[in-house]
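Participant: For reference, the sequence and a predicted model appear below.
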Number of protein chains: 2
Amino acid sequence: MGAAPGLRERKKLRTRRALIEAALRLFQENGFEETTVAEIAADVDVSTRTFFSYFASKEDVVFFDTRSRVDHALAVIADRRPGEPVVELLLRVAETTLAFTLDDADGSEPALEMSSARTNLIMSVPALQARALHLLFDVQRELAQGLRRAYPGELDPIEAAAAVGMFVGAVKMAAITSRERDDPPMVTWDAVRRSVDIAVNGLRSLDRAPGDAAGSWPGSAGGQNATKA
Amino acid sequence: MGAAPGLRERKKLRTRRALIEAALRLFQENGFEETTVAEIAADVDVSTRTFFSYFASKEDVVFFDTRSRVDHALAVIADRRPGEPVVELLLRVAETTLAFTLDDADGSEPALEMSSARTNLIMSVPALQARALHLLFDVQRELAQGLRRAYPGELDPIEAAAAVGMFVGAVKMAAITSRERDDPPMVTWDAVRRSVDIAVNGLRSLDRAPGDAAGSWPGSAGGQNATKA
DNA sequence: CTGTGAAATTGCAATGGATGAAAGTAGACA
DNA sequence: TGTCTACTTTCATCCATTGCAATTTCACAG
């Protein structure tokens, strides 16, 4: 790979990171809308104009590490195991992506703590919410395309799109619903598992007699945590 | 309901409609970004400031009829038939909402033609895409809540959220994927039906031997249209 | 070293969306 | 007819975002 990054590159990386850190800190301390791009730039001692040569918008700083995570997921899909069912692959993508994220998505920052704070920030700022949803949408298209390529002749574009859409859709709504109720991480985690079960087994499974075994993930709580209805 | 709308109300309605029509027309003719709010306002002979007392943002004019459609869907959910399975209800919500939309979502406008042109506009303008996704997200939360209320004791918040998320997610991605390839309406329609089938039967159903009967909607083409993979 | 070209940064001006405040105007209503 | 109130208009201002031209800073060949 690239041997000598070169001063220029290093400097750019440093500036980028500084902008990210300053931005996230200021957003935390003073709020997103309250913080102006000028302030962020000033904090890093660059011109406002420079900020926009690093990020397309004020919102985008917050999602600085999205790309690497998506690429990771796409890689897993591209390397799908021969004969592996679509469900299995999607499950594996979810697992590994999470692991990758918790590990160290980019190359710095205390992933775990920051991740949570950032999620709160995103959920509480409409503009960020919108950006996140838009980003997620584009990601889904990429995933669907990757899935299609991984199963040539077996999965048509519509099926791939629907599969990704329902999987992501289920997890997204479940996760958000859980976080909204201030569920502790473990409970939210279980909510995600359950939503995956539902996606795997279909909407029909919701109408079968409750107490119906459906666990499809190793370690699933079994889909039975009757949260306060 | 309200008997005499009163001149004041009528005038307000008229202004609102005029703004919507002017905006959509200008967006069509000159493009979304190219059109300024000032131009729209000028076209209707009101101040720019007034525009913002009718719509929170430039984007929002485009989604003027979303509210009524959502309310319609929520009404269907609230009136769910006793003993009706969740899947059935969701299917029915989709059906009736579509019918309602084609009919006459608001009270004017040639629903069909406009609908398509508007979708194209939305899909081609990032800002509108983002707004649409954000709106859809909020809608999903409302639907999930409605669903939860419609099945007290039978559906916990997570299940309701996951159900709505996967259903909407599947349909959204399938529909968009189809439109992107310029599929004719009929084909797109079939794509939606197939995505519903997948959501109903679960991701597992994708890995079963192809040619597996799965039609769950009256008139479904059978989920077999092998679109050019 | 040193010149030179490419890449990055900066300053500056302008556009346009969005909001707050004060003042004006016109229906609603007694 | 004369308020009361809702809706508009003006006016001022903030701030994100972008284009442009000038300037600075590396990378690199000579």
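Facilitator: Thanks, I have the structure now.
Participant: ok, the residue in chain A that chain B sits nearest to - contacts?
Facilitator: With C-beta to the nearest C-beta as the measure, residue A:169 is the residue of chain A nearest to chain B, at 2.0 Å. Every C-beta, even on glycine, is put in place using the N, C-alpha and C of the backbone. Neighbour list for residue A:169: B:165, B:166, B:167, B:168, B:169, B:170, B:172 [criterion: C-beta atoms under 8 Å, 6 or more residues apart in numbering or on different chains].
Participant: Turn the residues you listed into JSON lines, including secondary structure and pLDDT.
Facilitator: Shown next, in JSON lines, are these (DSSP: H, G, I helix; E, B strand; the rest coil; pLDDT from 0 to 100):
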{"residue": "B:165", "secondary structure": "helix", "pLDDT": "98"}
{"residue": "B:166", "secondary structure": "helix", "pLDDT": "98"}
{"residue": "B:167", "secondary structure": "helix", "pLDDT": "98"}
{"residue": "B:168", "secondary structure": "helix", "pLDDT": "98"}
{"residue": "B:169", "secondary structure": "helix", "pLDDT": "98"}
{"residue": "B:170", "secondary structure": "helix", "pLDDT": "98"}
{"residue": "B:172", "secondary structure": "helix", "pLDDT": "98"}
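Participant: nearest residue to the residue of chain A closest to chain B other than its sequence neighbours?
Facilitator: residue B:169 (2.0 Å; C-beta to C-beta, 6 or more residues apart in numbering or on different chains).
Participant: next one: residue A:40
Facilitator: residue A:23 (4.8 Å).
Participant: what about the helix or strand hosting that neighbour, average pLDDT?
Facilitator: Applying DSSP states H and E as the criterion places residue A:23 in helix A:6-30. Here helix A:6-30 scores 94 as its mean pLDDT.
Participant: got a list of contacts for the lowest-mean-pLDDT helix or strand in chain A?
Facilitator: Across the helices and strands of chain A, the lowest-confidence element by mean pLDDT, DSSP states H and E is helix A:111-124, at a mean of 84. If you take C-beta under 8 Å, 6+ apart as the criterion, helix A:111-124 is touched by A:24, A:27-28, A:32, A:62, A:101-105, A:128-129, A:132, A:176, A:179-180.
Participant: same question, stretch A:90-104
Facilitator: Residues contacting stretch A:90-104 (C-beta under 8 Å, 6+ apart): A:69, A:72-73, A:76-77, A:84, A:111-112, A:115, A:143, A:147, A:163-164, A:167, A:171, A:196, A:200, A:216-217, B:203.
Participant: Please pick the buried ones from those.
Facilitator: A:69, A:72-73, A:76-77, A:111, A:143, A:147, A:163-164, A:167, A:171, A:196, A:200, A:216-217, B:203 (16 or more other C-beta atoms under 10 Å in any protein chain shown).
Participant: and residue A:122, how far is that from residue A:56?
Facilitator: Residue A:122 sits at a distance of 17 Å from residue A:56 (criterion: C-beta to C-beta, to the nearest Å).
Participant: which one of those two has more residues nearby?
Facilitator: residue A:122 (20 against 9; other C-beta atoms under 10 Å in any protein chain shown).
Participant: Distance check, the more buried one against DNA strand C.
Facilitator: Using C-beta to the nearest atom of the strand, to the nearest Å, residue A:122 is found at 19 Å from DNA strand C.
Participant: same check, this time on residue A:177
Facilitator: 27 Å.
Participant: Same question for residue A:165.
Facilitator: Counting by C-beta to the nearest atom of the strand - residue A:165 and DNA strand C are separated by 28 Å.
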